[in-house]
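S.K.: Predicted model and sequence follow; I will ask about them next.
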Amino acid sequence: MEKQVLIVIKSAPFTNLNYYEALRTAAGLWDHEVRILWTGKGVLGALNNVDQTLTKKFLSDLPDLDIELYVDEAALVTAGFDEDDLVDDVEPVGEDKILELIEEAEASLVY
């Protein structure tokens with residue numbers, strides 16, 4: 001039975017393997033409706049100029065798996081970046097959409 005899963009990435013991409021594991025988990029849940037939300041220091045992982053040695057393949061494949069990609073717009077701005085700095089297919093969203101993502105999720109994984 002397909003579930004709606006929200007993966008929240010709060011960890012900075014260069015401090016541990018949480019970021020890599022979050023993307024790997026998302027790809028592995030291909031038979032569910034998966035959404036990824038980068039927030040807090042995690043927004044750094046959604047930037048196009050971050051080292052993507054381990055994650056480039058995931059980032060390019062996730063949209064093909066119909067995995068929706070979102071970034072917390074307020075956290076992005078706080079970090080000093082904007083929409084032009086994001087990898088392809090990542091949509092900046094505000095508080096209302098974030099709350100909607102959380103409310104609709106049947107399961108949430110936080111990294």
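M.R.: Looks like it arrived, so ask away.
S.K.: Which helix or strand in this structure has the lowest average pLDDT?
M.R.: helix 56-61 (a mean of 90; mean pLDDT, DSSP states H and E).
S.K.: now what about that helix, what contacts it?
M.R.: With contacts defined as Cβ atoms under 8 Å, 6 or more residues apart in numbering, helix 56-61 is touched by 20, 23-24, 26-27, 52, 87-88. All C-beta spots, glycine's among them, are computed from the backbone N, C-alpha and C.
S.K.: all strands in the chain, in order from the N-terminus.
M.R.: With DSSP state E, the ranges of strands along the chain come out as 4-9, 33-38, 68-72, 90-93, 107-110.
S.K.: low pLDDT regions in this protein?
M.R.: Filtered on pLDDT under 70, the chain yields no residues whatsoever.
S.K.: now the helices for it?
M.R.: With helices called from DSSP state H, the chain shows them at 18-28, 56-61, 73-78, 95-104.
S.K.: Nearest to residue 67 among these would be which one?
M.R.: helix 18-28 (5.6 Å; Cβ to Cβ).
S.K.: May I see the buried residues of that closest one?
M.R.: Buried positions in helix 18-28, judged by neighbour count with 16 or more other Cβ atoms under 10 Å: 18-20, 22-23, 25-26.
S.K.: Restrict stretch 87-105 to CA atoms and write it as CSV.
M.R.: Extracted C-alpha coordinates of stretch 87-105, given in CSV (Å, rounded to 0.1, in the frame of the first residue of the first chain):
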residue,chain,number,x,y,z
VAL,A,87,19.9,22.5,-7.9
ASP,A,88,17.4,21.8,-10.6
ASP,A,89,13.8,20.8,-9.7
VAL,A,90,13.9,22.1,-6.2
GLU,A,91,11.0,24.5,-5.3
PRO,A,92,11.3,27.1,-2.6
VAL,A,93,8.2,27.1,-0.3
GLY,A,94,6.9,29.1,2.5
GLU,A,95,5.5,28.2,5.9
ASP,A,96,2.0,27.4,4.6
LYS,A,97,3.3,24.8,2.1
ILE,A,98,5.6,23.4,4.7
LEU,A,99,2.7,22.9,7.1
GLU,A,100,0.7,21.3,4.3
LEU,A,101,3.6,18.8,3.6
ILE,A,102,3.8,17.9,7.2
GLU,A,103,0.0,17.5,7.6
GLU,A,104,-0.3,15.3,4.5
ALA,A,105,2.5,13.0,5.4
